[in-house]
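Trainee: Build the 3D model from these lines:
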Amino acid sequence: MPVIVSGKNIEVGESLRQFTEQELRQIVETYMGEILEAHVIFSKDHHNFKCDIAVHISRNFVIHCHGQDEDAYRSVSLALQKLETRIKRYKTRLRNKKRHRDESMDLLTAQQYILSSTEEDKGEDSPLIIAEMDSTIPTLSVGEAVMQMDLSESPVLFFKNASNNQFNVVYKRGDGHIGWIDPNHKSK
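Mentor: Numbering: from 1, shown residues only. Reported below is the predicted structural model:
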């Protein structure tokens with residue numbers, strides 16, 4: 001498993017790099033076994049060090065976590081504690097998903113659904129599109145979508161619902177709960 005440790009506008013010393021790799025490998029090998037790769041990025045925000053960790057479990061599945069503290073080693077430890085907590089919380093689901101993963105899983109590409117620029121409104125009040133990129137739309141159950149959104153620290157996840165083959169959205173609400181948008185659900 002390659003572990004890439006880098007700094008954003010700061011130099012990462014060899015001691016911090018070795019500490020980070022050793023602790024991350026220990027957690028990953030204990031709970032996950034084999035994964036694709038892991039990225040650790042250090043940055044400095046005023047007086048605090050920030051450590052962002054992304055662990056690529058499979059092609060379409062990434063766990064994100066971060067830690068922030070005045071000490072760089074403590075920021076890594078905080079991020080790794082979050083990683084370990086998330087893995088423990090979802091360990092059985094992750095293991096079952098990895099074991100029963102169907103290689104022919106129906107993945108759609110978001111690029112198919114992006115309107116061409118000639119169809120878009122070119123008025124002065126329309127917002128500028130900063131970036132467009134291809135993204136796969138996974139077929140998941142609602143529970144799996146919530147789990148993947150939580151593990152990736154993403155505020156929203158667009159997916160194809162495995163139970164009805166319709167597009168759905170799960171998102172984090174302002175009150176901390178999870179919202180679910182199913183446009184085909186008929187309310188009473």
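
Trainee: can I see the domain layout of the protein?
Mentor: For the chain, the structural domains run 3-99, 108-116+130-181, going by automatic domain parsing.

Trainee: any idea which of these is most buried?
Mentor: Mean neighbours per residue, mean count of other C-beta atoms under 10 Å, is largest over the domains of the chain for domain 3-99, with a mean of 16. All C-beta spots, glycine's among them, are computed from the backbone N, C-alpha and C.

Trainee: wait, doesn't Tyr171 sit right on Phe158?
Mentor: No: counting by C-beta atoms under 8 Å, Tyr171 does not reach Phe158; the two are 9.5 Å apart.

Trainee: just to revisit the earlier point, adding mean pLDDT, write the domains of the chain out as a markdown table.
Mentor: Formatted as a markdown table, the domains of the chain follow (pLDDT from 0 to 100):
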| stretch | mean pLDDT |
| --- | --- |
| domain 3-99 | 87 |
| domain 108-116+130-181 | 81 |
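
Trainee: Give me the common contacts of Tyr171 and Phe158.
Mentor: With contacts taken as C-beta atoms under 8 Å, 6 or more residues apart in numbering, Tyr171 and Phe158 have no neighbour in common.

Trainee: show me the contacts for the most centrally placed residue in the chain.
Mentor: In the chain, the C-alpha nearest the mean C-alpha coordinate belongs to Ser152, at 2.3 Å (C-alpha atoms, centre = their mean). By C-beta under 8 Å, 6+ apart, the residues touching Ser152 are 62-64.

Trainee: Go again with 6 Å.
Mentor: Contact partners of Ser152, counting by C-beta atoms under 6 Å, 6 or more residues apart in numbering, are 62, 64.
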